[in-house]
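A.B. asks: Below are the sequence and a predicted model for it; my questions follow.
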Amino acid sequence: MAMIAKVMRILRRDSLVASRDSMLIIILAMPVLMAVGIQLFAPGIADSVVRIGLLDDDPADHAAFVAEYARVERFGSVAELERRIAKRDEIAGMVRSGDGYEIVVQGDEGPDLLNYAKLLNALYELGGSRDDSTASVLSFGKAVSPIKAKLANMLILMMVMLSGMTISLGIVEEKSDDTISAVNVSPVSQNAFIVGKSLLGGLSTLASIVIALLILGYSGVNWPMIILVGLTSMVLTFIVGFLQGLSSTDVIEAATGVKMTMLPIAGSIAGYELLSDKWQWTMYWSPFYWAYKANDLILTERADWPTVLLCAAMVSGISLAIYLVAIPRIREGLS
Amino acid sequence: MVSVRNLSHSYGNDGRLAVDDVSFDIGKGETFGFLGPSGAGKSTTQGVLTGLLRLQKGEVTVAGYDLRTVRKERFNKIGVSFEQANVYSKLTALENLRFYADLFDAPTRDPHELLELVGLAGRENDRAGSFSKGMKHRLAFARSMLNYPELWFLDEPTTGLDPAIAAVIKGVIKAEQAKGTTTFLTTHNMYIADELCDRVAFIVDGSIKLVDTPRNLKQRYGKKLVEVEYLRDDGSIAKETLRTVDEGDRERLAGIVRSRDIVTMHSKEATLEEIFIQITGRGLD
């Protein structure tokens, strides 16, 4: 009990200092702001639509038909429509020409947009509708935007990396004030000190992950799975945070050092997303690969407990191996 | 309270010893001064005794704990005041003391009382980062008294302080002595050692050259000094300190009295610093 009380006292001290440190406040608030940004700008599953531009005097039946199958934007003149088409995103225009329609495009759109516009026009001219289709539909009921899931996953790993930075900055503060020696001559064990210094980074990161996922609309996600993977993947960044904090002389050096953790994180994401199945094994060394994989499965609602536990075990096993190598240096640095 | 037997410590593998076969004892309630120039081994010895440095060789018992086994609870009985003013700059003076007070498993003193004791009353809620070096030093000094230490390690407790504040700190140390606190005082300031210590050890190049009371040292080494000022041929004033127990010095004094105009002449008790130089052949800076 006494050790827990001391760990909590160190956490309270660190929280108080963090509340007075603008850099730490920014670090802790940044993921939440990024989640808001992703929610505002990342396309949702209903946002994957074709955009068609029509003139205001387009016949009502044609405009209504097109609006059933695409997002319609209306323009007062051809010149206005052309200016809109010239913008960066993809939109095709449909302008009456004689008895039929002329499809107006910028030229650098993907072939799918042009084909879709042509098929839509053909269907209208032939008087058909989707109800004429005889195909049956088998849906897996996937309701999560894949792009948003990937962005959320990357955000989680970034938050995990920031937990290491929080620890690193805390250690640099102790070093610059030369207060580690004062703690070393108190009845606080080194283990209690290490746990206490890790708690702020760990708890704030968990809170950030929960808040970010709620902002991103993942309230129904499997929370125990997310928290398990979050906790296990944080162990490695804790180690990096301690090592970097102990070897750095100032805040900038510590932050730069911890940011280097982004390299294996980015590499792991790229490996998981880009490598074919037969080459995925080349990324098995990285705990972030397993964390990203587990999060991907959880966020896209494809995860099961055996797979998540395997990923968490791999993350923990690799982190433990690194911990055993690093702990003598951490203990020496704290002495 | 402290027993040190054959303590040696090295910082590298080159065989050079920062502390070489040091032995001494400190009794309960005693104030023991560890005196020597920079690099003599004072801080290394204190580092081992406080547990900041690992015991490599020798037998050391501190406050009843054998240092070969690491027992953090011994720090409930020990207070350490560092030479560096190591306090949390982003916490207020009061928050600093409260944080450390909560780390002890023993009764602790009221932080307000300690701040008043070291002259920081009224500055409780100011962040330590805004303090002068002397104020930070006093805050760290106050922290070392939080747990009513039975054994108190003081490393250069008045260095860098102005005379008035140094007098306050010395007053606090004397008050704690009167309560029976055992004190291990590391310093290169012979005046504070002379004023505060029951016994002193002279350490040079990692070895203790002598352990005795300041009084005994003065009686043994400092008797019968004469400080004489006289006029040289060019009219300038020369000053010499001569020992009347030394035959050569006596002849020199007689020669000066016979042949020179004496400006001043005083018998003088040797300072600890002079005795240190006499015994070790080394200065203290």
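C.D. replies: Sure thing, it's come through. Numbering: from 1, shown residues only, chains lettered A, B, ... in the order given.
A.B. asks: residue ranges with poor pLDDT in chain A?
C.D. replies: Scanning chain A for pLDDT under 70 picks out A:1, A:42-48, A:139-144.
A.B. asks: got the contact list for stretch A:278-294?
C.D. replies: Stretch A:278-294 is contacted by residues A:153, A:156-157, A:160, A:225, A:229, A:232-233, A:236, A:264-265, A:267-269, A:271-272, A:275, A:303, A:307-308, A:311-312, A:314-315, A:318-319 when judged by CB atoms under 8 Å, 6 or more residues apart in numbering or on different chains. To be clear about C-beta, it is placed using only N, CA and C from the backbone, and glycine gets the same treatment.
A.B. asks: where do the helices sit along the chain?
C.D. replies: With no chain named, the answer covers chain A. Taking DSSP state H to define them, one finds helices in chain A at A:2-19, A:22-41, A:60-69, A:78-85, A:111-126, A:146-177, A:180-184, A:190-215, A:223-247, A:251-259, A:262-274, A:287-299, A:305-334.
A.B. asks: wrong chain, I was asking about chain B
C.D. replies: Listed in chain order (using DSSP H), the helices of chain B are B:42-50, B:93-101, B:111-117, B:133-143, B:163-178, B:190-196, B:214-221, B:247-259, B:272-280.
A.B. asks: Quick one, which of those helices gets closest to A:Ala135.
C.D. replies: Across these, A:Ala135 has its closest neighbour in helix B:93-101 (70.1 Å, CB to CB).
A.B. asks: which parts of chain B sit against chain A?
C.D. replies: Taking CB under 8 Å from any CB of the partner chain as the criterion, the neighbours of chain A within chain B are B:50-52, B:54, B:72-76, B:78, B:80, B:82, B:84, B:86-91, B:95, B:99-100, B:102-105, B:140, B:143.
A.B. asks: Identify the residue of the stretch 101-250 of chain A closest to chain B, quick one.
C.D. replies: With CB to the nearest CB, the shortest gap between the stretch 101-250 of chain A and chain B falls at A:Asp178, namely 3.9 Å.
A.B. asks: Surely that residue is in contact with B:Gln84?
C.D. replies: Yes: A:Asp178 is in contact with B:Gln84 according to CB atoms under 8 Å; the separation is 5.2 Å.
A.B. asks: Of all residues in the stretch 1-150 of chain B, which one is closest to chain A?
C.D. replies: B:Asn86 (3.9 Å).
A.B. asks: give me every residue that touches the residue of the stretch 151-285 of chain B found nearest chain A.
C.D. replies: Minimum separation of the stretch 151-285 of chain B from chain A (CB to the nearest CB) falls at B:Phe153, amounting to 8.1 Å. Contacts were defined as CB under 8 Å, 6+ apart; by that measure B:Phe153 touches B:46, B:49-50, B:78-81, B:144, B:183-184, B:186.
A.B. asks: and the nearest residue to it once chain neighbours are set aside, how many neighbours?
C.D. replies: Spatial nearest neighbour of B:Phe153, chain neighbours left out: B:Val80 (4.5 Å); criterion: CB to CB, 6 or more residues apart in numbering or on different chains. The criterion is other CB atoms under 10 Å in any protein chain shown. On that basis, B:Val80 has 25 neighbouring residues.
A.B. asks: For B:Ala85, see how far away the closest residue to the residue of the stretch 1-150 of chain B closest to chain A other than its chain neighbours is.
C.D. replies: Once flanking residues are discounted, B:Asn86 sits nearest to A:Asp178: 3.9 Å by CB to CB, 6+ apart. For A:Asp178, the distance to B:Ala85 under the criterion CB to CB, to the nearest Å works out to 8 Å.
A.B. asks: So for those two, which residue has more residues nearby?
C.D. replies: The neighbour comparison of A:Asp178 against B:Ala85 (other CB under 10 Å) goes to B:Ala85, with 22 against 14.
A.B. asks: Model confidence at B:Ser10, what's the number?
C.D. replies: Looking at B:Ser10, its pLDDT stands at 90.
A.B. asks: For the spatially closest residue to it that is not a sequence neighbour, what are phi and psi?
C.D. replies: Closest residue to B:Ser10 apart from its sequence neighbours, by CB to CB, 6+ apart: B:Leu17 at 5.2 Å. According to degrees, to the nearest 10, the main-chain angles of B:Leu17 amount to phi -100, psi 130.
A.B. asks: show me the contacts for B:Leu17.
C.D. replies: B:Leu17 is in contact with B:8-10, B:206, counting by CB under 8 Å, 6+ apart.
A.B. asks: Am I right that B:Thr241 is in contact with B:Glu229?
C.D. replies: No: the pair B:Thr241 and B:Glu229 fails to qualify as a contact (CB under 8 Å) at a distance of 10.4 Å.
A.B. asks: between those two, who's got more neighbours?
C.D. replies: Of the pair B:Thr241 and B:Glu229, B:Glu229 is the one with more neighbours under other CB under 10 Å, namely 16 against 13.
A.B. asks: Check that one and give its pLDDT.
C.D. replies: We note a pLDDT of 93 for B:Glu229 in this prediction.
A.B. asks: Put together JSON lines for the helices of chain B, with mean pLDDT on each row.
C.D. replies: As requested, the helices of chain B are exported to JSON lines (pLDDT from 0 to 100):
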{"stretch": "helix B:42-50", "mean pLDDT": "89"}
{"stretch": "helix B:93-101", "mean pLDDT": "94"}
{"stretch": "helix B:111-117", "mean pLDDT": "93"}
{"stretch": "helix B:133-143", "mean pLDDT": "91"}
{"stretch": "helix B:163-178", "mean pLDDT": "89"}
{"stretch": "helix B:190-196", "mean pLDDT": "86"}
{"stretch": "helix B:214-221", "mean pLDDT": "81"}
{"stretch": "helix B:247-259", "mean pLDDT": "90"}
{"stretch": "helix B:272-280", "mean pLDDT": "78"}
